[in-house]
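A.B. asks: Quick one, structure for this:
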Amino acid sequence: MPATRFVDRLNEQIANEFAASQQYIAVAVRYDAETLPRLAAFFYAQALEERNHAMMMIQYLLDADAEVKVPGVAAPETSFADLVEPVALSLEQEKRVSDQIAALVGVAREAGDFQSEQFMQWFLKEQVEEVASMSDLLTVAQRLVDRPMDIEDWLAREHPGDEAEDPTAPTPAGGAL
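C.D. replies: Modelled structure (predicted):
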């Protein structure tokens, strides 16, 4: 069984992942309302990814016979001054999640909970990719703030939506719903 402190912190992280998912839905809705379908699709996909991260963590706790707490989350930010602000918020969110994941690895390591530390390794790798991707999008959005269709074109080129599933990813609870 995982260390108690790790279980408590992972349950907190489940809340953080669900909150990130909700925030990405709010961002996607903003872009959908602006008729920016590539930006909307990008953030809807991000929302699903964050939800699946939470579900992977839930499955880990279930497999380890540890307590799972399905949390409520605070309402996401839904009001944005311009088209860049949601991306900037998203990058800050990804950086925050990276710090949270690293702290979870530290908790597992400190407790000598090697299985939990190993489980978290995939999330460390994933966060490097997430921060890089969102940082690139922010740079492009800032550069093209007055030309949103060029942001759409960049997304169509750089994120065509056909990324393959990562076979090393943990299985989410309920399977790949």
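A.B. asks: Check the burial of Val70 by counting its neighbours.
C.D. replies: Using other Cβ atoms under 10 Å, the number of residues around Val70 comes to 10. Bear in mind the C-beta positions are built from the backbone N, C-alpha and C, glycine included.
A.B. asks: Tell me how far it lies from Arg157.
C.D. replies: From Val70 over to Arg157 the distance is 38 Å, taken as Cβ to Cβ, to the nearest Å.
A.B. asks: What of Gln127?
C.D. replies: Distance, Gln127 to Arg157, by Cβ to Cβ: 24 Å.
A.B. asks: So the two - more neighbours on which side?
C.D. replies: Legend: neighbour count by other Cβ under 10 Å for Gln127 and Arg157, higher for Gln127 (19 against 9).
A.B. asks: which residues touch the more buried one?
C.D. replies: For Gln127, the contact set (Cβ atoms under 8 Å, 6 or more residues apart in numbering) comprises Glu94, Val97, Ser98, Ile101.
A.B. asks: Please indicate which of those are buried?
C.D. replies: Buried subset of those (neighbour count, 16 or more other Cβ atoms under 10 Å): Glu94, Val97, Ser98, Ile101.
A.B. asks: Could you give the backbone dihedrals for the first one?
C.D. replies: Translated: Glu94. With angles defined as degrees, to the nearest 10, Glu94 sits at phi -60, psi -40.
A.B. asks: Verify the stated contact: it with Met134.
C.D. replies: Yes - the criterion here is Cβ atoms under 8 Å, and Glu94 meets it with Met134 at 5.0 Å.
A.B. asks: which one among the contacts of Gln127 gets closest to Ile151?
C.D. replies: The closest of the contacts of Gln127 to Ile151 turns out to be Glu94 (Cβ to Cβ; 18.1 Å).
A.B. asks: pLDDT score for that closest one?
C.D. replies: On the pLDDT scale, Glu94 is placed at 97.
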